[in-house]
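# here's my sequence, what's the structure:
(one chain, ligands or ions: 1)
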Amino acid sequence: MSAVAEERVGAQQSAGVRLRDVRKTFRNRRRPVRTALDGVSLDVAPGEFLCLLGPSGCGKSTLLNILAGFVPADSGQVLVDGRPVTGPGPDRGVLFQTPMLFPWLTTWQNVLYGPKARGALTRQVREEAERLLETVGLADARDAYPHELSGGMRHRAAFARVLINRPGLLLMDEPFGALDAITRANMQRFLLELWQGRRMTIVFVTHDVEEATLLGDRVCVLSGPPGATEAVLDIGLRRPRTYEDTETLEFVTAKRRIREVLER
Ligand SMILES: Nc1ncnc2c1ncn2[C@@H]1O[C@H](COP(=O)(O)OP(=O)(O)OP(=O)(O)O)[C@@H](O)[C@H]1O
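You can find the predicted model right below:
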């Protein structure tokens with residue numbers, strides 16, 4: 001990614017998150033079948049990179065889906081940028097483990113899909129799309145279809161597709177979980193550079209303590225199931241961070257501290 005291209009794209013308003021005692025029970029014909037969240041409270045500051053860690057089934061994806069507006073909470077407060085979440089919106093970009101791209105559209109068409117669907121396809125948006133493709137290193141792949149892209153390229157195309165909406169909050173659900181080690185490291189580097197340039201708020205779900213330590217300002221550890229806030233830890237490592245930092249004593253110590261909370 002080019003830092004210059006990133007400068008030109010400019011920063012959008014980042015959005016803060018406030019969760020208070022969020023509860024969610026999944027029901028089948030109105031009968032409760034599974035309590036996923038049993039009182040999660042958390043604040044994320046505008047521009048912060050927060051990682052969400054916790055054992056399998058503790059409700060990390062459910063929490064992210066509630067923030068995205070895909071599923072409603074049963075009770076509690078869910079505010080993004082001071083407003084209650086009532087449904088999905090372009091102010092919140094969501095990235096999953098499988099990049100969401102329409103297979104019948106080219107990279108360029110995929111990136112412009114959202115603005116086009118909203119009737120907001122202006123010259124400025126097209127120019128922004130061109131800059132974004134440069135930023136994510138896909139300028140030469142603008143006419144390629146998803147099946148013609150590598151795994152990492154597909155992820156970067158999905159990034160561009162989300163970033164064209166200038167979301168103040170990026171919600172990422174184990175986005176690099178299925179990638180090989182080298183592509184994953186490249187995507188982590190790419191994400192760090194992107195975030196350092198744009199400073200949007202990020203809530204990032206991962207199973208990987210090392211990934212959380214490398215990326216996050218803070219880590220929220222959920223206990224469960226059912227999910228509840230166990231601890232919120234400051235990573236406290238200097239920025240900007242690089243992959244080489246993972247070998248420092250400070251990094252290993254920070255990682256151990258998180259693992260201890262996780263294993264409680
Ligand atoms: N649509 C649904 N209907 C019923 N139960 C659900 C539904 N979605 C999630 N659950 C349940 O809610 C709980 C939390 O699931 P969730 O996927 O949020 O956990 P997670 O922490 O993201 O898990 P993992 O780390 O394994 O991905 C689980 O017990 C799951 O079975």
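# what ranges does the stretch 151-264 of the chain have for its strands?
Shown for the stretch 151-264 of the chain, the strands assigned by DSSP state E, counting those that start in this stretch span residues 169-173, 201-205, 218-223, 228-234.
# again but with the stretch 1-150 of the chain, I slipped
Listed from the start of the chain, the stretch 1-150 of the chain has strands (DSSP E, counting those that start in this stretch) covering 17-28, 31-44, 49-53, 75-80, 83-84, 92-95.
# so what's residue 157 up against?
Each residue near residue 157 by Cβ atoms under 8 Å, 6 or more residues apart in numbering is listed here: 99, 101, 107, 110-111, 136, 138, 141, 146, 149. Quick note: C-beta positions are derived from backbone N, CA and C, even for glycine.
# next one: residue 202
Neighbours of residue 202 in contact, by Cβ under 8 Å, 6+ apart: 48-50, 169-172, 195.
# who wins on neighbours among those?
For the contacts of residue 202, counting by other Cβ atoms under 10 Å, the largest number of neighbours falls to residue 171: 28 neighbours.
# who does it bridge with?
Applying DSSP bridges to residue 171 gives these bridge partners: residue 94, residue 203.
# quick one: residues contacting the residue of the stretch 101-250 of the chain found nearest the ligand.
Shortest the stretch 101-250 of the chain-to-the ligand distance, computed as Cβ to the nearest ligand atom: residue-wise this is residue 225, at 5.3 Å. Listed by Cβ under 8 Å, 6+ apart, the contact partners of residue 225 are 35-36, 55, 57-59.
# relative to residue 34, how far out is it?
Counting by Cβ to Cβ, to the nearest Å, the gap between residue 225 and residue 34 amounts to 8 Å.
# circling back: quick check: phi and psi on the residue of the stretch 101-250 of the chain closest to the ligand?
Residue 225 has phi and psi values of phi -80, psi 150 when expressed as degrees, to the nearest 10.
# if you rank the contacts of residue 157 by neighbours, which is first?
For the contacts of residue 157, neighbours tallied by other Cβ under 10 Å; top is residue 111, 30 neighbours.
# hmm, residue 161 and that residue touching each other?
Yes - with contact defined as Cβ atoms under 8 Å, residue 111 reaches residue 161; the gap is 5.1 Å.
# hmm, residue 142 is touching residue 108, no?
Yes - the pair residue 142 and residue 108 qualifies as a contact (Cβ under 8 Å) at a distance of 4.2 Å.
# any weak-confidence spans in this structure?
Across the chain, residues meeting the criterion (pLDDT under 70) sit at 1-12.
# and the residue minimising distance to the centre of it, what is it in contact with?
By Cα atoms, centre = their mean, the chain has its centre lying nearest to residue 172, at 2.5 Å. Residues near residue 172 by Cβ under 8 Å, 6+ apart: 64, 94-95, 202-205.
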